[in-house]
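Trainee: here is my input; please provide its structure:
(one chain, ligands or ions: 3)
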Amino acid sequence: MIDVLLGLQWGDEGKGKIVDYLAEKYDIIARFQGGPNAGHTLYVNGKKVVLRTIPSGVFQPHCLNLIGNGVVIDPVSLQQEITQLIPLQPDVVKRLFISHRAHLILPTHRALDAASEAAKGEDKIGSTLKGIGPAYMDKTGRNGLRIGDILSKNFKEKYNKLTQKHVQMLRQYGQEIDWAAWEQPFFEACEYIRELQIVNSEYWINNHLKAGKRVLAEGAQGSMLDIDYGTYPFVTSSNTTAAGVCNGLGVAPSTIGEVYGITKAYCTRVGSGPFPTELNDATGEELRKVGNEFGAVTGRSRRCGWIDLVALKYTVMLSGVTKLIVTKADVMDNFNPVKAAVAYIADGKETKEFPYDLCDMTIEPVYESFAGWDVPIGTCTQYSDVPQVFKDYVRFVEQYLETKIAYISNGTGRDHLLSIP
Ligand code: GDP
Ligand code: IMO
Ligand code: MG
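Mentor: Ligands and ions are numbered 1, 2, ... in the order given. Predicted structure coming up:
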């Protein structure tokens, strides 16, 4: 069976930390979508590591790690990531497998990402500018290059054809770029990747499943950034919900077991787009400070607000979440009251459904307030230590979402995790 772990908000829910913890129970950790726009933070022996394309099972020595076909790979960024990991985990390459079918991010994709964002001006998405959108556009436009192409004799030819097209597109944006300067590092990185374990990942993973191996699919971004169900157009370019696992790894829906959905005890968003519970006040500022809400990839400050149960109920539904994990509960130690949005007043009408398009409507969240707690959650080592008011809050969230909360994360370390019996 494949269990799935994914973010239920706008990303950065703490997926890296939780995968690193859960990986102990799995044989294989597999990324199924996204690319180096992800930044998954882990603390290993007290040292902070941010993973971008490599699955977060890399620090569990028994785990194999697969970068699935649904991922887009920037060779330069992947080589850098591996090089930085080798001193910490020397066998990283031996345990890493990459799908033939994963698409490549070319240097010109990054240039196109930047040009497209600049052209949008005020309406920009706030992309991480890693070339994700343009790479997925070439994939669905049937122009893309794949990891398998690196092994082909006429890779250079295919590359030239595509980059010439990109150069034309960049001219339409009024940009003449010295793209040739990026070629050398790109081809050097492709040479490096040629030597890695490139596999027919759909057979690879299905054979492992047949052999009874336990697989955890690691999501990137968050459900509210999903290309179909997120706050379009302020989204990323892949399916971040559970359905993305089947396409992104080549596995049947019947192989999916547990779906772990992660949410912070509050809510953050980096980049532009609607955010109904955003707090543009001192409380929001305090959340950012106490939660250290600055992007793992871009260092941008994250927008902060109260937890949004309307949006969460929507994303729990979309992915069929079976178990919830609430992270950063320790951050809420500093707030009294703690609030949760339980409905929206959308254009004057109360609703509990997440609207189709929030951009052109006024949304006023309806909040439920909870008294703060005096025993810091961050100091608890087991769930029985947490104060009753916090347990009541947990029960309320479970009842609203009709889903069990399995773990409360109360710190950055691997062991800052309270299992709820
Ligand atoms: P990801 O993209 O979902 O893996 O999340 P990020 O790594 O981008 O952001 C999560 C941040 O929160 C990281 O800095 C983590 O170290 C940190 N973090 C994760 N869980 C907790 C927690 O329970 N408490 C606190 N205080 N920090 C946490
Ligand atoms: P992890 O996996 C938070 C956001 C960007 C932008 C939008 C589109 O660490 O949770 P893109 O680079 O895909 O064109 O950006 O999506 N975004 C993320 N926000 N966490 C992420 O990944 C994100 N990946 C992309 O900020 O608003
Ligand atoms: Mg992140």
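
Trainee: could you verify my assumption that P75 touches L104?
Mentor: Yes - using C-beta atoms under 8 Å, P75 is in contact with L104, at 6.7 Å. For the C-beta atoms, the positions are set from N, CA and C on the backbone; glycine is no exception.

Trainee: give me the common contacts of these two.
Mentor: Jointly contacting P75 and L104 under the rule C-beta atoms under 8 Å, 6 or more residues apart in numbering are I150.

Trainee: more neighbours, those two?
Mentor: The neighbour count for P75 versus L104, taken as other C-beta atoms under 10 Å, is higher for L104 (27 against 23).

Trainee: who is the more buried one paired with across the strands?
Mentor: I73 (DSSP bridges).

Trainee: that one contacts V72, correct?
Mentor: Yes - using C-beta under 8 Å, L104 makes contact with V72 at a distance of 7.3 Å.

Trainee: shared neighbours, those two?
Mentor: Here L104 and V72 share the contacting residues A135, scored by C-beta under 8 Å, 6+ apart.

Trainee: for G248, which non-adjacent residue is closest in space?
Mentor: The spatial neighbour of G248 that comes closest, neighbours along the chain excluded (C-beta to C-beta, 6 or more residues apart in numbering), is G70 at 2.4 Å.

Trainee: kindly apply the preceding question to S223 instead.
Mentor: Closest to S223 by C-beta to C-beta, 6+ apart is T315, at 3.7 Å.

Trainee: give me the three-state assignment for that neighbour.
Mentor: helix (DSSP: H, G, I helix; E, B strand; the rest coil).

Trainee: so how far is G372 from it?
Mentor: Separation of T315 from G372 (C-beta to C-beta, to the nearest Å): 26 Å.

Trainee: that older thread, quick one, what contacts the residue nearest to S223?
Mentor: Applying C-beta under 8 Å, 6+ apart, the residues contacting T315 are 8-9, 222-224, 229, 241, 261, 321.

Trainee: repeat the analysis, applying 7 Å as the threshold.
Mentor: Contacts for T315 (C-beta atoms under 7 Å, 6 or more residues apart in numbering) come out as 8, 223-224, 261.

Trainee: cross those against strands and list the overlap.
Mentor: G261 (DSSP state E).

Trainee: tell me if I'm right that D12 and C267 touch.
Mentor: No - look at D12 against C267 with C-beta atoms under 7 Å: they stay out of range, at 10.3 Å.

Trainee: sorry, back to before: pLDDT value on the residue nearest to G248, please?
Mentor: For G70, the pLDDT comes out at 98.

Trainee: what's the answer for Q175, then?
Mentor: On the pLDDT scale, Q175 gets 87.

Trainee: does it touch A115 like I think?
Mentor: Yes - between Q175 and A115 there is a contact at 5.3 Å, judged by C-beta under 7 Å.

Trainee: who has more neighbours, the two?
Mentor: A115 (21 against 16).
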